[in-house]
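**Student:** Sequence first, predicted coordinates after that:
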Amino acid sequence: MNVNIDNLAEEMPDFHKHEDAQEWFKNKFGDKFVFKSEDVAEGEKVFFYHIVKNDKEYEQYMEFLQQDTHEELQDTTAFHSYTTVEISEHGDVSLSI
């Protein structure tokens, strides 16, 4: 799956809360839109998601991260298997490769 961040940013509406943004991405990407974690930054809740672009590479990378070994990745292919979506509790969205 190809995700063009510029095109995606242009077609995104303005969101006013996390739930609205989450629903929009879920409707657009279905089960390829995966919740990863949440955190607090500058007093505001932030939610992190991945849009999975390559299932096989992404699954291998997630398995690699769960291993107890301290091996290093040999190439950057895994980083191209998903796009990170960061959504604040107030609906601000940040996208990164």
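**Tutor:** Happy to help now that I have it. Residues are numbered from 1 along each chain as shown.

**Student:** which stretches of this protein form helices?
**Tutor:** 5-11, 18-29, 55-66 (DSSP state H).

**Student:** Could you list every helix and strand in contact with the second one?
**Tutor:** Counting by 3 or more Cβ pairs under 8 Å, 6 or more residues apart in numbering; DSSP states H and E, the packing neighbours recorded for helix 18-29 are strand 44-52, strand 82-88. C-beta here means a position set from N, CA and C on the backbone, and glycine is covered the same way.

**Student:** tell me the most buried of those strands?
**Tutor:** Mean neighbour count (mean count of other Cβ atoms under 10 Å) peaks for strand 82-88 among those, with a mean of 20.

**Student:** Quick one: closest of the helices and strands packed on helix 18-29 to residue 95.
**Tutor:** strand 82-88 (5.8 Å; Cβ to Cβ).

**Student:** hang on, the earlier thing: okay, the helices of the chain, which one's buried deepest?
**Tutor:** Mean neighbour counts for the helices of the chain (mean count of other Cβ under 10 Å) peak at helix 18-29, with a mean of 16.
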